[in-house]
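A.B. asks: Show me the folded form of this:
(4 chains)
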Number of protein chains: 2
Amino acid sequence: MSTTIDPYNVIPKYHQLALILKAQIVDGNWPPRSAIPAERQLETIYSISRTTIREAINLLIQQGYLYREHGRGTFVSPQKLQKKIMELTSFSEDMVKRGIRPGQIIRKVEIITPPTRIQRLLELPPNNTVIEIDRIRLGDGKPIGLQTSYIALQNPNTITKADLEELGSLYKILEQKFHIIPSEAEETLEVTLADLDEAKLLGILPGAPLLLSQRLLFDQNRKPVEFVRILYRGDKYQYYIRLVR
Amino acid sequence: MSTTIDPYNVIPKYHQLALILKAQIVDGNWPPRSAIPAERQLETIYSISRTTIREAINLLIQQGYLYREHGRGTFVSPQKLQKKIMELTSFSEDMVKRGIRPGQIIRKVEIITPPTRIQRLLELPPNNTVIEIDRIRLGDGKPIGLQTSYIALQNPNTITKADLEELGSLYKILEQKFHIIPSEAEETLEVTLADLDEAKLLGILPGAPLLLSQRLLFDQNRKPVEFVRILYRGDKYQYYIRLVR
DNA sequence: AAGTGGTCTAGACCACCTT
DNA sequence: AGGTGGTCTAGACCACTTC
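C.D. replies: This is a model prediction of the structure:
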């Protein structure tokens, strides 16, 4: 990691500065709640204008690394708030964070005409097809959840079972194959009771409580790309969220 | 709502402009995905510099009202993404949004020494007191949740039952009496089963499924201010979240 | 080529906090 | 008073999209 700004680099200066400051923070050189150099000091240190410096700081504030206090300075946020929200939305990453080994059994990858409710949520014209993916999600080898995804792509013929088995995460496929960046999601959570099929697949008794998550995912242009429904075993799963602003 | 910028107003120009643009959007004058005037047009329309205009637009992007596309323009986000995240954290506002009349029965407002787990979460020294508030939350007059809050304040002798009954919302009290602005929260959700007391208070059968929410709230300086635990009736409540970035 | 947003400069003055 | 962030100006050139 460089510690100077290269004016000829394709990376914008404010972005280069943000990376430099971020490195200081994550490396622990600047402890939580300590002040970083004042904006006018950073101006002389890095020979860039204050506007550009403020842009870099704004980035790190948005990312949860810094906060400002008028008249006092700019300070490092406590470590525990430096988590990224989107880490949540990937089941695999979520499991790894909890120290649980993620796994999956892929039950179905098919091109279908979706139910009208799904069609409406994904803002699709009638008869448009989507990819349906059904999976059993495993934690340390045991079933934790049942997941059904509906994905809207221009050419739906392009996510295969092999893709999923290779990369594991749907979000990685969307980013790497289609340059679709998951940017926002709307989600509801509620309690339901397991029916016969669900109970069988999850290895629990019918009538056992489940946590039902339904999520609509949007890309960087706020277009809906995926509707996903996950049924979690109530006794095995706790849901974590971070709310901002 | 004014439609011009007053340079002598105490409200900053970029903030005034953001309010003007936001009004156009929420009033429906600018439909979703339509382009707003280009930045250089806004410069001449409102006689303010482009930097200031970009600050206003940045605000509205952060709030979910607009998005940019390089080389194309700045566009209005689809309406459904224009919700504020923090609206969630207030039970009363949440209920109003769903068309349900909120209510509460205040069972306890007391100054206590908290259990060590709560003390640790709120980053308090031993023997420090907090305010505990127990409430039954009502929707259209019927119980839907049991809520217990622990609030850490410098002088804990300052939230009364009268405050709560008058303003209804704890967040309003924090803002108006203490200038504490709820800025971030960490939350977990899980399924549990009602015990005898809980069942009685909620008017359900023991063993019925409940949604347990536990939330740690941080102020604008990322200091913990409240730990709150809410048990929702599983059959009456659906939880809504918006995830960003 | 023309229009759009993306980045950047070198200033200025104001508002708030600390000493 | 001096230092900090907050707001603002009037430009400049670059990168991307559309025609």
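A.B. asks: for chain A, what spans make up the strands?
C.D. replies: A:66-69, A:73-76, A:102-112, A:130-139, A:142-151, A:184-193, A:209-218, A:224-233, A:238-244 (DSSP state E).
A.B. asks: Switch those over to JSON lines; also include mean neighbour count.
C.D. replies: In this view, the C-beta of every residue, glycine as well, is placed from N, C-alpha and C. JSON lines is the format used below for those (neighbours: other Cβ atoms under 10 Å in any protein chain shown):
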{"stretch": "strand A:66-69", "mean neighbour count": "18"}
{"stretch": "strand A:73-76", "mean neighbour count": "18"}
{"stretch": "strand A:102-112", "mean neighbour count": "14"}
{"stretch": "strand A:130-139", "mean neighbour count": "20"}
{"stretch": "strand A:142-151", "mean neighbour count": "20"}
{"stretch": "strand A:184-193", "mean neighbour count": "19"}
{"stretch": "strand A:209-218", "mean neighbour count": "22"}
{"stretch": "strand A:224-233", "mean neighbour count": "22"}
{"stretch": "strand A:238-244", "mean neighbour count": "18"}
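A.B. asks: could the ones you listed go into CSV alongside distance to B:Leu193 and mean pLDDT?
C.D. replies: Formatted as CSV, the strands of chain A follow (distance: least, Cβ to Cβ, whole Å; pLDDT from 0 to 100):
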stretch, distance to B:Leu193, mean pLDDT
strand A:66-69, 40, 88
strand A:73-76, 42, 92
strand A:102-112, 27, 89
strand A:130-139, 21, 91
strand A:142-151, 19, 92
strand A:184-193, 10, 84
strand A:209-218, 7, 88
strand A:224-233, 14, 91
strand A:238-244, 15, 69
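A.B. asks: Make JSON lines out of the ones you listed and add distance to DNA strand D.
C.D. replies: Formatted as JSON lines, the strands of chain A follow (distance: least, Cβ to the nearest atom of the strand, whole Å):
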{"stretch": "strand A:66-69", "distance to DNA strand D": "4"}
{"stretch": "strand A:73-76", "distance to DNA strand D": "4"}
{"stretch": "strand A:102-112", "distance to DNA strand D": "29"}
{"stretch": "strand A:130-139", "distance to DNA strand D": "25"}
{"stretch": "strand A:142-151", "distance to DNA strand D": "23"}
{"stretch": "strand A:184-193", "distance to DNA strand D": "20"}
{"stretch": "strand A:209-218", "distance to DNA strand D": "19"}
{"stretch": "strand A:224-233", "distance to DNA strand D": "18"}
{"stretch": "strand A:238-244", "distance to DNA strand D": "17"}
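A.B. asks: per-residue confidence at the most far-flung residue of chain A relative to its centre?
C.D. replies: What lies farthest from the middle of chain A is A:Thr44; by Cα atoms, centre = their mean that is 37.0 Å. According to the prediction, A:Thr44 has pLDDT 94.
A.B. asks: List the contacts of it.
C.D. replies: Applying Cβ atoms under 8 Å, 6 or more residues apart in numbering or on different chains to A:Thr44 gives no contacts.
A.B. asks: just A:Phe91 next, same as before
C.D. replies: A:Pro102, A:Arg137, A:Gly145, A:Gln147, A:Ser169, A:Ile230.
A.B. asks: Would you agree the fifth one is in contact with A:Ser92?
C.D. replies: Yes: when contacts are counted by Cβ atoms under 8 Å, A:Ser169 is listed as touching A:Ser92 (5.0 Å).
A.B. asks: Beta-bridge partners for the nearest residue to A:Arg33 once chain neighbours are set aside, please?
C.D. replies: Sequence neighbours aside, A:Phe75 is the residue nearest to A:Arg33 in space, at 5.6 Å (criterion: Cβ to Cβ, 6 or more residues apart in numbering or on different chains). Beta bridges link A:Phe75 to A:Ala35, A:Tyr67 when assigned by DSSP bridges.
A.B. asks: Can you pull the residues of chain A lying near DNA strand C?
C.D. replies: Within chain A, the residues that sit near DNA strand C (Cβ under 7 Å from any atom of the strand) are A:7, A:12-15, A:47-52, A:55, A:69-72.
A.B. asks: now, which of the contacts of A:Phe91 sits nearest DNA strand C?
C.D. replies: DNA strand C has its nearest neighbour among these in A:Ser169, at 27.4 Å by Cβ to the nearest atom of the strand.
A.B. asks: give the contact list for A:Asn29.
C.D. replies: Counting by Cβ under 8 Å, 6+ apart, there are no residues that A:Asn29 touches.
A.B. asks: Let's test this: what are the backbone torsions at it?
C.D. replies: phi -70, psi -30 (degrees, to the nearest 10).
A.B. asks: For DNA strand D, see how far away it is.
C.D. replies: As for A:Asn29, its distance to DNA strand D is 17 Å (criterion: Cβ to the nearest atom of the strand, to the nearest Å).
A.B. asks: now swap in A:Ile204 and tell me
C.D. replies: With distances taken as Cβ to the nearest atom of the strand, A:Ile204 is found 49 Å from DNA strand D.
A.B. asks: Count the residues that sit near that residue.
C.D. replies: 18 (other Cβ atoms under 10 Å in any protein chain shown).
A.B. asks: Which pLDDT value goes with A:Gln154?
C.D. replies: On pLDDT, A:Gln154 comes in at 66.
A.B. asks: What of A:Asp27?
C.D. replies: 87.
A.B. asks: ok, now A:Pro125?
C.D. replies: For A:Pro125, pLDDT reads 79.
A.B. asks: Pick out the residue of chain A closest to DNA strand C.
C.D. replies: A:Gly71 (2.6 Å).
A.B. asks: okay, now that residue: neighbour count?
C.D. replies: A:Gly71, neighbours per other Cβ under 10 Å, totals 5.
A.B. asks: I'd like the distance between it and DNA strand D.
C.D. replies: Using Cβ to the nearest atom of the strand, A:Gly71 is found at 4 Å from DNA strand D.
A.B. asks: Let me see the backbone angles for that residue.
C.D. replies: Dihedral angles (degrees, to the nearest 10) for A:Gly71: phi 80, psi -10.
A.B. asks: Distance check, it against A:Ala38.
C.D. replies: A:Gly71 sits 11 Å away from A:Ala38, going by Cβ to Cβ, to the nearest Å.
A.B. asks: before we move on, what about A:Leu146?
C.D. replies: A:Leu146 sits 53 Å away from A:Ala38, going by Cβ to Cβ.
A.B. asks: for A:Asp140, same thing?
C.D. replies: Between A:Asp140 and A:Ala38 the computed distance is 49 Å (Cβ to Cβ).
A.B. asks: Repeat that for A:Leu60.
C.D. replies: Relative to A:Ala38, and taking Cβ to Cβ, A:Leu60 is found at 15 Å.
A.B. asks: the more surrounded of those two?
C.D. replies: Counting neighbours by other Cβ under 10 Å for A:Leu60 and for A:Ala38 shows that A:Leu60 has the greater number, 22 against 11.
A.B. asks: got the contact list for the more buried one?
C.D. replies: A:Leu60 makes contact with A:Ala18, A:Leu21, A:Lys22, A:Ile25, A:Leu66, according to Cβ under 8 Å, 6+ apart.
A.B. asks: quick check, nearest of the residues you listed to B:Lys161?
C.D. replies: The closest of those to B:Lys161 turns out to be A:Leu66 (Cβ to Cβ; 38.8 Å).
A.B. asks: so the closest one makes contact with A:Ser77?
C.D. replies: Yes: counting by Cβ under 8 Å, A:Leu66 does reach A:Ser77; the two are 6.1 Å apart.
A.B. asks: Tell me the confidence at A:Glu87?
C.D. replies: Taking A:Glu87 on its own, its pLDDT is 48.
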